[in-house]
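Mind looking at a prediction? Sequence and model below.
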Amino acid sequence: MKFRLLLLFSFFTLCANAQQNYDASLIPKELLPYASAVIRNQQISIEEKDLDNVIYHVKEAITILNKNGDDMGRVIIWHNNSNIIRSIKGNIYNASGIPIGKFGEKEFEDSYSGEDFTLFEDSHVEHYSPSVTNYPYTIEYEYEVKQKQSLNFVDWEPNSETGMAVENSTYTFTCKPGFNIRYKEINLPESVFTSTGKDGAKTYSWQIHHLKAIKNEPYSPNPEKYLSSVKIAPEKFYYEGYNGNFTDWNELGKWIYDKLLINRQQLPPETVQHVLDITAGITDPKLKAKKIYEYMQGKTHYVAVIIGIGGYQPFTAMDVDRLNYGDCKALVNYTQALLKVANIDSYYCVVMAGRERKISLMDDFASMNQANHIILCIPFKNDTTWCDCTSQTLPFGYLGDFTDDRTVLACTPEGGKLLHTPKYTAENNLEKRVASFTLDENGSISGDMTSTFSGADYDDREGISTEAYKEQVKIMQRIYPINNLDIQKLQFKQDKSLNPVTTEYIALKAPEYASADDGKINFMINPANRMHHAPRDIMNRKTDIYINEGYTDEDEITYTLPAGYHSDGSHLHVSLKTPFGSFNATSTIKDGQLIYKRKLQVFDGTYPKDSYHDLVDFFQAVTDADDFSVTLVKN
């Protein structure tokens, strides 16, 4: 009896402790606004025992408040041969903090971290998502990873995304006396606390308490502008059999060149001769480089290689030449080797690629984990040309919005150099459309439409143009908001000159595009390029406005109207000019034709948060004008 009472007492003690820790009602009320999840307690520690022995320990409890926070409750652990998971365990609690489940490594799913085009990879992701639908709930977990490298350390990001509040979070880095680090603090209320143990071991500690959630806002800047984080980089390191040291970009670029790139550009004699043959008679170095780049494109294709030092070191040029494939690193290295045959120098450049935001390498903090892609820079005497070597179709000298307008690291024999990729401006990024339609009294339209895409818009149709014709038609029917769109003919033409342009031609019919009833025909005047909605309005915005890419859209559509009809008198005439851009839209009827003209120009940049309502009003005015309908009345 006493034993049973002891068990019962232990159970209630456990529950009481759980309630004390993870009862959702105990979350401070000031942390709830805009929060979908609250980190109750987070302890992250990194211990450098040796250059090839770093212990990474994480203990975290996070309360998920609603469905929007479910992804924040996922446990994701990346591992490979150099990052070994030593232990995982966890528990799940209900709203009152009562345990309702537990999990270990066997409950995790293990998958490759790469894409379908990955050829070699040893990187895996362990991930676990709790199957809980009653909110709020809390997931508590703890794991440890041994890292056999000291080049990359995980950033501390206590509020890693919008909608996440933090009760308590600590980040501790401990290292031996001879190991030195550099760190960069971003948006922290308190700076680092350092201490030295009796054995000389150094400890760096950061902590955050009661950090409120930041709401998700449209057109927000790079999260590093407003979320909190700490970045750590070593002065000396070991990685996959390589030792090195760096304190700035120059030294890091020098290490990459000397250890990862040098002596990897030898080519077979027959390839050397072929390059000489195809460039014979070409005197302009840029045109010579273009010929070599196009040869590389025609010979190779892209595959990813994410294994060991291959995550950073390219295949040799000899291997790429023999295998006809490589990843971004290998294809850039191979192209450099081909260019060397023609005595053209080039740079292997490390970049953070991505279309959503242009993220530059930090000028004042060098680290290996700030980038995800490699591109090529060719510094001609009077012109610097940039190339992405992973595409078999992009034109020579074209980057597009994947890598334009950002700071990159060029790795040269003299060391690393920070360079900036070219920017495609709003004027460069042009989508221009001219259409001629005939409207009949039944509401059907027929005619043709020609659209051109240049600047960063050049590759808007890149993926479509390589599909089979039937698939192209299906995709275009989804792109254009034209009722009952029947595409009679579809063609794409790509001008791959130094200022590339894609041209799209469509011959079409659209039965009952307009509504015809009781002697009236009503139809939407803009059939092809409409803005469907403005961004949601937000009170008390916290972040500045960030427009990632500027662009210009120009449309001119001529409708030949059915005989015996006239306009009901309504016409479109909108003219707007704001700091974010401009918009003009008009409709005129003359000699039986309705001519619609539209020009929208949006400027990239960062704007004050107080002007957000003006941005919403601007896009709402564009949306309203794009929804304008014309009514024709029978004479």
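Thanks, I have it.

okay, CA-based contacts and neighbour counts for the rest of this
Will do.

which residue ranges form the helices in the stretch 351-500 of the chain?
For the stretch 351-500 of the chain, the helices defined by DSSP state H, counting those that start in this stretch cover 462-465, 469-479.

Distance to D617 and mean pLDDT added to the ones you listed, as JSON lines?
Shown next, in JSON lines, are the helices of the stretch 351-500 of the chain (distance: least, CA to CA, whole Å; pLDDT from 0 to 100):
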{"stretch": "helix 462-465", "distance to D617": "33", "mean pLDDT": "87"}
{"stretch": "helix 469-479", "distance to D617": "25", "mean pLDDT": "95"}
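
and these as TSV, adding distance to S131?
Below are those laid out as TSV (distance: least, CA to CA, whole Å):
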stretch	distance to S131
helix 462-465	37
helix 469-479	35
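
now these as CSV including mean neighbour count and distance to K236?
Listed next are the helices of the stretch 351-500 of the chain as CSV, based on neighbours: other CA atoms under 10 Å; distance: least, CA to CA, whole Å:
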stretch, mean neighbour count, distance to K236
helix 462-465, 15, 43
helix 469-479, 14, 52
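
Indicate which one of those is closest to N66.
helix 469-479 (33.4 Å; CA to CA).

tally of neighbours for N382?
Neighbour count for N382, taken as other CA atoms under 10 Å: 6.

tell me, which strand in this structure spans the most residues?
strand 37-50 (DSSP state E).

ok, back up a step: for T385, which of the helices of the stretch 351-500 of the chain is the nearest?
Comparing the helices of the stretch 351-500 of the chain by CA to CA, helix 462-465 comes nearest, at 21.1 Å.

Mind listing residues that contact the closest one?
Q472, I475, F492 (CA atoms under 8 Å, 6 or more residues apart in numbering).

Which of those residues sits closest to E504?
F492 (4.7 Å).

so which of the helices of the stretch 351-500 of the chain comes closest to T283?
Among those, helix 462-465 comes nearest to T283, with 31.1 Å by CA to CA.

OK, contacts around the residue nearest to Y505 when sequence neighbours are not counted?
Leaving aside its chain neighbours, Y505 sits nearest to T450 (4.6 Å; criterion: CA to CA, 6 or more residues apart in numbering). Taking CA under 8 Å, 6+ apart, we find T450 in contact with R433, V434, A435, T503, E504, Y505, I506.

Across the sheet, point out what pairs with T450.
For T450, the beta-bridge partners are V434, Y505 (DSSP bridges).

swap in L376?
Y348, C387.

Low-confidence bits of this protein, can you list those?
Residue ranges of the chain with pLDDT under 70: 1-20, 112-123, 306-310.

Please name the nearest non-neighbouring residue to the residue nearest the centre of the chain.
Central residue of the chain (CA atoms, centre = their mean): G354, 3.7 Å from the mean position. Here the nearest residue to G354 in space, its sequence neighbours aside, is F402; by CA to CA, 6+ apart that works out to 4.9 Å.

One more: D364?
Nearest non-adjacent residue to D364, counting by CA to CA, 6+ apart: D248, 7.9 Å away.

Kindly provide the distance from the one you found to N152.
According to CA to CA, to the nearest Å, D248 stands 15 Å off from N152.

Can I take it that G101 is in a helix?
No - assessed with DSSP: H, G, I helix; E, B strand; the rest coil, G101 is strand; it does not lie in a helix.

I figured it hits I92, correct?
Yes - counting by CA atoms under 8 Å, I92 is a contact partner of G101 at 5.0 Å.

More neighbours: these two, which one.
Applying other CA under 10 Å to G101 and I92 shows that I92 carries more neighbours, namely 23 against 12.

Hmm, the more buried one is touching Y137, no?
Yes - if you go by CA under 8 Å, I92 and Y137 touch, sitting 7.3 Å apart.

and Q620, what does it touch?
H533, A534.

Could you check how far it is from G97?
Distance from Q620 to G97, by CA to CA: 46 Å.

what does S169 give?
For S169, the distance to G97 - CA to CA - is 19 Å.

what's the answer for D23, then?
4 Å.

just Y137 next, same as before
Y137 is 8 Å from G97, by CA to CA.

before we move on, what about E47?
Separation of E47 from G97 (CA to CA): 31 Å.

who's more crowded, these two?
G97 (24 against 17).

was I right about the more buried one contacting Y22?
Yes - using CA under 8 Å, G97 and Y22 qualify as a contacting pair, with a distance of 4.6 Å.

what touches both of those two?
Contacts common to G97 and Y22, judged by CA under 8 Å, 6+ apart, are T138.
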